[in-house]
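> sequence first, then the predicted structure, then my questions.
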Amino acid sequence: MRSTLQFGRFNYPWRGQGARARVMGILNVTPDSFSDGGSYQTLEFALGHAEQMVKDGVDIIDIGGESTRPGAPPLSQEEELNRVMPVLYALRDLGPAISIDTYKPKVMREAIIAGVDMINDINGFREPGAIDAVRDSDCALCVMHMQSDPQRMQLAPSYADVVAEVIAFLRERVEALLTAGIDPRRICIDPGFGFGKTVEHNYALLNATARLIAELDMPLLAGLSRKSMIGAVTGKPVEQRMAGSVGGALAAVAQGALIVRVHDVAETVDALKVWQAAK
């Protein structure tokens, strides 16, 4: 039974002795991210934010160079490389694991050369050449579900059974990676909250976190920080969704999520410490 996620330079137990939830801090180097677009575009500001996340107890820093908010236009791979690679090299020896949020094979290859610990792919490694780009590395691979693409995904999301369909998609993509010879210990799954889902779909998936982990026998990453599913319940705008996001992270971890991808690192780390102590 697999119990450890190989995460580049790190190994994360995800069940049994030593298992604990890991906090992934979001570092968007984009001008148009839905939550913090433009805040950390320069290398100086990005490094400063990363250093603060380290002080706050972050385990993983996830660098994103292309906004994937609903309706976001695609970005050329050259521009994405220009945005993310200087940040990746600057953060490589900061301490935490480094992830890169990309679906482009060329960006994956360059990030692996730079020593990235995880490739976080919203497209589930479906882009031609993506699996070949990551096959021979030791970085972790996060397979996410997305219905349609960022330009159209929120126009009219529809499922007969959202949980069953997301499980089927993730199973197919995991099998594609395994067939290519990739070690299963490198793979984790992400149901893709907000990526082609209504509020009801998102909460059905959150409620099924334990089922996804059990049926796919894979560690799970939950990324729901500040998303519309939080705003729909709290009635709060993006900049006021910290408390709701922490609540969502705890709900995912309580069902077995290994990684929570968040904007509010300090608050999430503290909440998890208290939850773990009470547990």
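Cool, got the structure.
> residue 261 - nearest residue in space that isn't next to it in sequence?
Excluding the flanking residues, the one nearest residue 261 by C-beta to C-beta, 6 or more residues apart in numbering is residue 223, at 3.7 Å. C-betas here are computed from N, CA, C, even on glycine.
> mind checking pLDDT for the one you found?
Looking at residue 223, its pLDDT stands at 97.
> what about it, distance to residue 119?
15 Å (C-beta to C-beta, to the nearest Å).
> which residues touch residue 154?
By C-beta atoms under 8 Å, 6 or more residues apart in numbering, the residues touching residue 154 are 70-71, 194, 196.
> can you put the residues you listed in JSON lines and add secondary structure?
Formatted as JSON lines, the contacts of residue 154 follow (DSSP: H, G, I helix; E, B strand; the rest coil):
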{"residue": "70", "secondary structure": "coil"}
{"residue": "71", "secondary structure": "coil"}
{"residue": "194", "secondary structure": "coil"}
{"residue": "196", "secondary structure": "coil"}
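> closest one of these to residue 47?
When the contacts of residue 154 are compared for distance to residue 47 (C-beta to C-beta), residue 194 wins out at 27.9 Å.
> what about that closest one, neighbour count?
Neighbours of residue 194 under the rule other C-beta atoms under 10 Å: 26.
> same check, this time on residue 256
When neighbours are counted by other C-beta under 10 Å, residue 256 comes out with 19.
> work out for me the element it sits within.
Of the helices and strands defined by DSSP states H and E, none includes residue 256.
> is it in contact with residue 216, as I believe?
No: contact criterion C-beta atoms under 8 Å: residue 256 and residue 216 do not qualify, at 11.6 Å.
> which residues do these two both contact?
Common neighbours of residue 256 and residue 216 (C-beta under 8 Å, 6+ apart) do not exist.
> what about residue 266, which SS state?
Following three-state DSSP, residue 266 is assigned to helix.
> any idea how far residue 146 is from the spatially closest residue to it that is not a sequence neighbour?
Sequence neighbours aside, residue 56 is the residue nearest to residue 266 in space, at 3.8 Å (criterion: C-beta to C-beta, 6+ apart). Residue 56 sits 29 Å away from residue 146, going by C-beta to C-beta.
> what's the answer for residue 190, then?
9 Å.
> who has more neighbours out of these two?
Using other C-beta under 10 Å, the more surrounded residue of residue 190 and residue 146 is residue 190, with 26 against 23.
> per-residue pLDDT, that one?
With respect to pLDDT, residue 190 has a value of 98.
> the closest residue to it other than its chain neighbours: neighbouring residues, count only.
Here the nearest residue to residue 190 in space, its sequence neighbours aside, is residue 144; by C-beta to C-beta, 6+ apart that works out to 4.0 Å. By other C-beta under 10 Å, the residues close to residue 144 number 26.
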